[in-house]
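> I'll drop the sequence and a predicted model, then ask my questions.
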Amino acid sequence: MNTSSIVSKVWSFCNPLRDVGVGYGDYLEQLTYLLFLKMADEYSRPPYNRQLNIPKLNNWESLISKKGAELELHYVTLLRELSTQKGILGQIFTKSQNKIQDPAMLAKVIDMIGSENWLVMGADVKGDIYEGLLEKNAEDVKSGAGQYFTPRALIRAMVECVQPVPMKTIADPACGTGGFFLAAYDYLVSNNKLDKDQNKFIKLQTFYGNEIVAGTRRLALMNLFLHNIGDIDSDNFISPADALIAASPITYDYVLANPPFGKKSSQTFTNDEGEQEKDDLTYNRQDFWATTSNKQLNFVQHIRTMLKTTGMAAVVVPDNVLFEGGAGETVRKKLMETTDLHTILRLPTGIFYAQGVKANVIFFDNKEASKTPWTKEIWVYDYRTNIHHTLKKNPLKLDDLKDFIISYNPANRHKRVELFNEETNPEGRWRKFTYEEIIARDKTSLDITWLKDKSLADLDNLPDPDVLAAEIIENLEAGLESFREIMLKLNSKN
């Protein structure tokens, strides 16, 4: 069976499961548990004959021998027992619960998983199947999973610009379902003739991440495992710890990341009346340039500290990181002084599953200490003005970003050519700004645009009604978010 037919088969159970109250995300979690057990069972048989630390009482064989109420009771016990194990096994089953409480439906899902020989499939096939399921889950608005899913076309473009090389480490402090790791893995494998040591390094020593949401971390571990990253009995390389709490104990060659949207970091607590309240989190770290509860600014500061002095980063950030005053201005100035912040890609709206997001990608290379700023010039590619994308009718594709990748010139970014010229090409999307020009801007703002919005001047050039409607919704939601921030500040002062 090809990838799409297996995805269809695996996903065909969704509708009957939804009828009994099992959502997309819950179904995907149960698939993860069962798929892991089935593959572990295959590894324990010839020709692999591997000794795995899965207790016999709670392995795949123990599941397929039971039916009805006995199956449901055993499955609940199995999940609880496996959550206490070490390594990837324990991480995948952390906080696991049975969400398919109809024994007949559970048996059908087990039979479906059991009917395939998963190890016979290549890593790319297994991985594509799981990625397909993750994307379907992200598309389901109710599941909320879209916030952990970065458009794969954008991730691939970022990786193609950074061009990671073998035997170097790659980190993501908010790795979601592992999209950046998979794109980097694909790039490394397809662009290099890897020897035995390089293959082993990629499998076990290249990737490191953090993901604080247990369910999302589980999906990431399984996603990587199915792509042949990590091993069924190896140590866990995605930490459940909040990355921002403390400096990383080790530094990395590359950081590729899309930190979670939403400006505030907060923790939930119960007040004296027993009501749930949120308290803004401010990380007091000596290695940060500014103390703030703005989550994105904290991630930018943290990512800089994660890099080796020769390290490179590509990070998705919302617009507020580029223009906000106070801590924002401090972070931008310090980033330009201590690193070579050389490129900004302005992204269009309508490409993320989270609504109302206006984002950019910043690319910077870390440097050793210096008396003069490392950033000499910043190149900006405006792929937002007069660009219209929607998730369903016109989703972002890698081809849409090809011109940016060519302009970025990964082979030698020091030999770039401007596309913008005030007289000969005022429509050019690729433009250079000197450090002096940037530092002279109000609040050292990096929120730079120079193209004319055609929809404001040319009524014949208006996008389709559904695109216009989506943009209106995005702008309204972004405005509402700003009003919420203002209200929170006013309430905190009263």
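Great, that's in hand. Numbering: from 1, shown residues only.

> Return the set of buried residues in stretch 301-308.
In terms of neighbour count (16 or more other CB atoms under 10 Å), stretch 301-308 has its buried residues at Q301, H302, I303, R304, M306, L307. Every residue, glycine included, has its C-beta placed from N, CA and C.

> And the contacts of it?
Contacts of stretch 301-308 with the rest of the structure, by CB atoms under 8 Å, 6 or more residues apart in numbering, involve 171, 173, 243-244, 247-248, 251-253, 255, 257, 285, 287-290, 313, 315, 331, 335, 338-339, 364, 366.

> Now with 6 Å, please.
171, 244, 247-248, 251-253, 255, 287-288, 313, 315, 366 (CB atoms under 6 Å, 6 or more residues apart in numbering).

> Spell out which residues make up each domain of the chain.
Domain ranges of the chain: 3-125, 134-454, per automatic domain parsing.

> how close does the nearest residue to Y283 once chain neighbours are set aside get to L256?
Once flanking residues are discounted, Y283 sits nearest to L244: 5.1 Å by CB to CB, 6 or more residues apart in numbering. Using CB to CB, to the nearest Å, L244 is found at 17 Å from L256.

> of those two, who's got more company?
More crowded of L244 and L256, by other CB atoms under 10 Å: L256, with 27 against 21.

> thinking again about what came up before, secondary structure, distance to M105 and pLDDT added to the contacts of stretch 301-308, as JSON lines?
Formatted as JSON lines, the contacts of stretch 301-308 follow (DSSP: H, G, I helix; E, B strand; the rest coil; distance: CB to CB, whole Å; pLDDT from 0 to 100):
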{"residue": "A171", "secondary structure": "strand", "distance to M105": "39", "pLDDT": "98"}
{"residue": "L244", "secondary structure": "helix", "distance to M105": "40", "pLDDT": "95"}
{"residue": "A247", "secondary structure": "coil", "distance to M105": "47", "pLDDT": "94"}
{"residue": "S248", "secondary structure": "coil", "distance to M105": "43", "pLDDT": "94"}
{"residue": "T251", "secondary structure": "coil", "distance to M105": "48", "pLDDT": "97"}
{"residue": "Y252", "secondary structure": "strand", "distance to M105": "43", "pLDDT": "98"}
{"residue": "D253", "secondary structure": "strand", "distance to M105": "46", "pLDDT": "98"}
{"residue": "V255", "secondary structure": "strand", "distance to M105": "42", "pLDDT": "98"}
{"residue": "D287", "secondary structure": "coil", "distance to M105": "51", "pLDDT": "94"}
{"residue": "F288", "secondary structure": "coil", "distance to M105": "50", "pLDDT": "96"}
{"residue": "A313", "secondary structure": "strand", "distance to M105": "45", "pLDDT": "98"}
{"residue": "V315", "secondary structure": "strand", "distance to M105": "42", "pLDDT": "98"}
{"residue": "N366", "secondary structure": "strand", "distance to M105": "51", "pLDDT": "98"}
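
> sorry, back to before: specify which member of the buried residues of stretch 301-308 is nearest to D382.
I303 (23.6 Å; CB to CB).

> That closest one - nearest residue in space that isn't next to it in sequence?
Nearest to I303 is V255, by CB to CB, 6+ apart, at 5.0 Å.

> picking that back up, just the buried ones among the contacts of stretch 301-308, please.
Among the contacts of stretch 301-308, the ones that count as buried by 16+ other CB under 10 Å are A171, L244, S248, T251, Y252, D253, V255, F288, A313, V315, N366.

> For those, which two are the farthest from each other?
D253 and F288 (22.1 Å).

> With distance to P465 as new columns, can the domains of the chain be given to me in a markdown table?
Shown next, in a markdown table, are those (distance: least, CB to CB, whole Å):
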| stretch | distance to P465 |
| --- | --- |
| domain 3-125 | 29 |
| domain 134-454 | 11 |
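
> So which of these is nearest N491?
domain 134-454 (11.5 Å).

> tell me how far the ends of that closest one are from each other?
36 Å (CA to CA, to the nearest Å).

> Over to stretch 376-388?
Termini of stretch 376-388 sit 32 Å apart (CA to CA).
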